[in-house]
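**Q** Everything below, folded, please.
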Amino acid sequence: MNNNNNQFDIYDELMSNDWNHSQAESEDGLVRYDQPPSYETFIRECFLKDRPALFTAKCGLMNDWSCLAEWLTEDRTKPNFDRLVQLYGCMIVPVTKCASNITEYGSDENKSTMRFDEFVQLWRDTATAAEYYCKDWHLQKMSDETKPLFYSIPVYFQSDWLNEKCLANNEDDFRFV
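**A** Numbers count the residues shown, from 1 in each chain. Purely as a prediction, here's the structure:
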């Protein structure tokens, strides 16, 4: 903490860090949180040490996400395709064909666009479900800008330098569904 303005000083932490990666919290190297840590604690324990973190459901970080109520079945175990089609069916989405006989998934010949309701129909058809992937859909950007976000970004991840630059320069964003 910087005592002058009571703000967490990441620069001071970076300069004083010994960069030894202690794996004491768990054998797999994850820092697990059952309660939301303070921002400063997360920075010290994970960000500055380049350690992965797992925020369990007990943290409640997703409790107020409207997309969970809007996009999932009532038991929140699978997509609510009827509701998704009702909300977004007429939108054009990017789709990649991922059939087992395709060797180059990233090639342009396997990419196309289609209406979202058409994609859902392919997904519902068990014979073709695994062949198509809705990839890099910029739903938030394509939606009405006056609508609130579908989710709230936890404080630990709100500083998104790449997206801030892209949005400021009217470039593609990195908020995919």
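
**Q** Name the spans of this structure whose pLDDT lies under the cut-off.
**A** The model of the chain has pLDDT under 70 over residues 1-26, 99-108, 145-148, 161-162, 173-177.

**Q** Looking at the record's assignment, how would you partition it?
**A** Residue ranges for the domains of the chain, per automatic domain parsing: 1-60, 62-177.

**Q** Run the chain-centre distance for the longest one.
**A** For domain 62-177, the distance from its own C-alpha centre to the chain's C-alpha centre is 10 Å (Cα atoms, centre = their mean, to the nearest Å).

**Q** returning to what we had before: now mean neighbour count too, for the domains of the chain, in JSON lines please.
**A** Where C-beta positions appear, they are placed from N, C-alpha and C, glycine not excepted. Putting these into JSON lines (neighbours: other Cβ atoms under 10 Å) gives the following:
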{"stretch": "domain 1-60", "mean neighbour count": "12"}
{"stretch": "domain 62-177", "mean neighbour count": "13"}
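
**Q** right, and residue 135 touches residue 96 too?
**A** Yes: contact criterion Cβ atoms under 8 Å: residue 135 and residue 96 qualify, at 4.6 Å.

**Q** between those two, what contacts are shared?
**A** Residues touching both residue 135 and residue 96 (Cβ atoms under 8 Å, 6 or more residues apart in numbering): residue 111.
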